[in-house]
Structure formats: C-alpha cells, structure tokens
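Colleague: Make a model of this:
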Amino acid sequence: MAFPYMEAVVGFMIFMYFFETYLDIRQHKALKLPTLPKTLEGVISQDKFLKSRAYSLDKSYFHFVHEFVTILMDSTILYFRVLPWFWKKSEHLVTLVGLNAENEILHTLGFLAGVMIWSQITDLPFSLYSTFVIEARHGFNKQTIWLFFRDMIKGMLIAIVIGPPIVAAIIVIVQKGSPYLAIYLWGFMLVLSLVMMTIYPVLIAPLFNKFTPLPEGTLREKIEKLAASLKFPLKKLFVVDGSTRSSHSNAYMYGFFKNKRIVLYDTLIQQCKNDDEVVAVIAHELGHWKLNHTVYSFVAVQVLTLLQFGGYTLVRNSSDLFRSFGFDTQPVLIGLIIFQHTVIPIQHLVSFGLNLVSRSFEFQADAFAKKLGYADELRAGLVKLQEENLSAMNTDPWYSAYHYSHPPLVERLAAIDESDKKEK
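Modeller: Numbering: from 1, shown residues only. Purely as a prediction, here's the structure:
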C-alpha cells in the first residue's frame, strides 16, 4: 500500500496550525497586559503604550481570523484534490484560447494564471480590511483606494511579464534531465536572484515609490562621513516617499561590490528627533555589512536552495507521491509544489534556526553601532521607532523566539545596557 503523503501533509499543516495558534494565544495574553515591561517604564510614554496595545490587539484579532481561513482553504484544496481538478480545468482553458495544451509550458502558464487570479480574489478582503480599517484606524494608512488597486494591478502586470520566462526556463531545465539537475536548477536560481537584486531597485521599485537623492545638509554629511570611515562604498543616498502609503518607517541598503546604496524612508527622518538618531540607525545597518551578515545570509540561502533542489530531484519521479495528491501525470511545476508541501516540517525547523541566527546578527549590529559611539543615539532611535510604529511592547518569550527575526526592544535595550555595565 502506497504511503499516504497527502494525508500526512494535511495532518502536519493542521498540527502546526494548532501549535502556532497556541503561541498566538500566549502572545495575545501578553499584549493584553495593562502595564509596560519594567525595562520600558519611563522610556515609553503611557499614551504611546496604550496606542501600541490597542493596535497590537487589533492586529492579533485579525490574525486569528486570517489564519483560520487560510488553514481551512489550504487543507480543503489539498484534501479534496482541488489542485488536480484545477490542473485539468486549466488544460481546457488553454485549448479554449486556441493554444496547444499538450505543451507543458503553456499548460503551466494557464494554471498559474488561474492561481494568481484566485489568490488575488481570496486575499483581497483581508488586504483591504488590514489597510483601510486596521492601519487607517491607528493612523498608519496614507494611501487611497485608487493607489491600492493601482499597486495591485502593477504587481500583477510585473508577474505577467517576468513570470513566464522564468517558469519556461525551469520546465526546460527539468525536462532535459541530468544527473546534475539540482546544480543546474540552483545555478539558474542563483543567476536569477542576482539579476533581480540588480534590476528590482532600479526598474521595479520606482514603479511603486519615488526615490530622490537625500538633500545636501548635515544629515547627508554625517552619513557620508560614517560610510567613508568604514570604507563602505556608498555611491547613492536616497529618500523614498514611504509616507504616501504608510506612516511606518525603515531604512535599508543594497547593491553589489563597489556600488552600494542606502535608502531612508522619509518617515524615518520625520520621526527621529535629530540627525544623530538617524545616523545611529544607519550605523546599525552598516554593522550588518561590516560584519558580513549579508554575505552569511546569502550563502545560507544558497546552500538551503541547493539542498531543496537536491531533495526535489530525488522525489520528482515518484509516481506514488503524485498519485497521493490526485495527479495521474507528473508536471514539473506540480512536482515542485508537492515537494514544497512534503518538506514543510523541515522548513519550519530551518526557519526557526534562521530566526535565531538573525536575532544574533541584530545584537551584533547594535553592539557595532555602540562601538562607533552611537549608544545613546541608537537607544533613543530604537525607542522612537518602537513608539512611532506602535510595535508591541509586551511580547511572549515563546512567541518571540519562534516568530521574531529581530529581538524585541526590551531585549535590545537590555543588551546595550549590559554591555555598558561590562565596560565599567
């Protein structure tokens, strides 16, 4: 008797839903606490705490509903074999428009078109509620309904332009077959990721936001001086109009080799009390670069990608696996989808491990910024960002350890203070 792969996958999905819901309940209880953590007393104002608490609880209630609907739909789609049914329906659709459905590339693109439409329809109510009810209620949403739908349509058009060549290339690589298939797939994805990392900030991101050079002034001078002192090859320094969509703030850097760029959200500049707080946030980001965190993360992702493709090549010809999910043929894309479902347990473990590493990197980057002399400014900047973004002040340790890639503010301030004590 063949192993019931599909039933096992659905069973594990439901198990993980209950486990993560248990963590969500623990976090919800922490969010309902009426007082600040002792570490933040006198640091965060009571007004900001109450606003943060209300915002976090609203998001938490919404999360419970969203996750329940998601697991209900996902498990239903797998258990009642909606995927193979839709695969056959997409074959009829391809034939209906006058194309050859026996061509796996065309059949796959027809299938993906239907999946994209279905995903947009099912996710739309949640996106609208999150943006125009929760985010708007707490003063974060700045976009109009027209801008929302314009962004959605742009995203779909980009997927339509970029998606087909990528899908076609993957199918051709797998169809050719080779003992080194995993390496060929990994090599293709590596090149693709490098190309996307190059063109996204230059060609795609400007379709959604406006990037302008940071004006001349003390802030620009301080950032350029800091970058030069660390020998960071800063080529361009931008401000992005994040305020057109949200009041949330951020900063990031990107680029290869000697062509690095830093992007500041206009909301970050507006929210920080002075230039030094902004510079301290940038010092933290530069710490990631100086300590090679970006390199380590990139290498880790590539190793995991290669291992995944290696696993896929081992099971791609398993007819029992395909039949368990209701397929009597073995399409390339369907094989990848099924494989992703079968390795969900491993993915959860890997994700947890990567979060632990990421949290460690954040502490190291904070320590790096402190060594540069920005301890007070970093502390003030972190507090300001926490307040302005209304981030959760009380967090459950289990929930935090499992979900957070960045340590909670309490832990980051404690780490900075602890290093202060050690130096005295």
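Colleague: Quick one: distance of stretch 214-232 to the chain centre.
Modeller: 29 Å (CA atoms, centre = their mean, to the nearest Å).
Colleague: contacting residues around it?
Modeller: Contact with stretch 214-232 is made by 234, 237-239, 260, 262, 264, 269, 275-276, 278-279, 282-283, 286, 289-290, 372, as judged by CB atoms under 8 Å, 6 or more residues apart in numbering. All C-beta atoms are positioned from the backbone trio N, CA, C, and that covers glycine.
Colleague: list the helices and strands the helix or strand hosting Y22 packs on?
Modeller: Take DSSP states H and E as the rule and Y22 turns out to sit in helix 5-31. Helix 5-31 sits against helix 46-79, helix 319-324, helix 332-342, helix 344-369, helix 397-403, with contacts defined as 3 or more CB pairs under 8 Å, 6 or more residues apart in numbering; DSSP states H and E.
Colleague: Please, which helix or strand holds I262?
Modeller: strand 260-265.
Colleague: Return the list of helices and strands in contact with that strand.
Modeller: Partner elements for strand 260-265 (3+ CB pairs under 8 Å, 6+ apart): strand 234-240, strand 251-254, helix 275-290.
Colleague: go with 10 Å
Modeller: Using 3 or more CB pairs under 10 Å, 6 or more residues apart in numbering; DSSP states H and E, the elements in contact with strand 260-265 are helix 218-229, strand 234-240, strand 251-254, helix 275-290.
Colleague: Count residues in the vicinity of V133, would you?
Modeller: 13 (other CB atoms under 10 Å).
Colleague: Can you give me the distance of it to V65?
Modeller: V133 sits at a distance of 12 Å from V65 (criterion: CB to CB, to the nearest Å).
Colleague: same thing with T76?
Modeller: 17 Å.
Colleague: and if you look at E20?
Modeller: 14 Å.
Colleague: for I158, same thing?
Modeller: Here I158 is placed at a distance of 29 Å from V65 (CB to CB).
Colleague: Repeat that for A228.
Modeller: Counting by CB to CB, the gap from A228 to V65 is 50 Å.
Colleague: so what's P34 up against?
Modeller: By CB atoms under 10 Å, 6 or more residues apart in numbering, P34 lies in contact with 49-50, 53, 394.
Colleague: any idea which element L157 lies in?
Modeller: Here L157 is assigned to helix 145-176, by DSSP H and E.
Colleague: Format the helices and strands packed on strand 260-265 as TSV; extra columns: mean pLDDT and mean neighbour count.
Modeller: What follows is these, written out as TSV (pLDDT from 0 to 100; neighbours: other CB atoms under 10 Å):
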stretch	mean pLDDT	mean neighbour count
helix 218-229	91	15
strand 234-240	87	18
strand 251-254	81	16
helix 275-290	89	22
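Colleague: would TSV of those with distance to L109 be doable?
Modeller: TSV is the format used below for these (distance: least, CB to CB, whole Å):
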stretch	distance to L109
helix 218-229	44
strand 234-240	33
strand 251-254	30
helix 275-290	38
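Colleague: do you know which of the ones you listed lies nearest S319?
Modeller: strand 251-254 (43.8 Å; CB to CB).
Colleague: So which of the helices and strands packed on helix 5-31 is nearest V301?
Modeller: So among those, helix 344-369 is nearest, using CB to CB, at 8.8 Å.
Colleague: for the closest one, packing partners?
Modeller: Judged by 3+ CB pairs under 10 Å, 6+ apart, the packing partners of helix 344-369 are helix 5-31, helix 275-290, helix 293-315, helix 375-388, helix 397-403, helix 409-423.
Colleague: From the chain's centre, how far out is it? Work that out for me.
Modeller: So, by CA atoms, centre = their mean, the centroid of helix 344-369 is 14 Å from its chain's centroid.
Colleague: That helix vs helix 218-229, what angle?
Modeller: Angle of helix 344-369 versus helix 218-229, following axes from the mean of the first three to the mean of the last three CA atoms, to 10 degrees, is 100 degrees.
Colleague: Now helix 344-369: buried residues?
Modeller: 355, 359, 361-369 (16 or more other CB atoms under 10 Å).
Colleague: What of stretch 163-182?
Modeller: So, applying 16+ other CB under 10 Å, buried residues of stretch 163-182: 164, 167, 169-171, 173-174, 181-182.
Colleague: one step back: and for whichever helix or strand comes after the strand holding I262, what are the contacting residues?
Modeller: Remark: after strand 260-265, the chain's next helix or strand is helix 266-271, criterion DSSP H and E. Helix 266-271 has contacts (CB under 10 Å, 6+ apart) with 140, 142, 209-210, 212, 214, 219, 239-251, 265, 275, 277-278, 281-282, 381, 384-385, 387-389.
Colleague: Sweet, I'm off.
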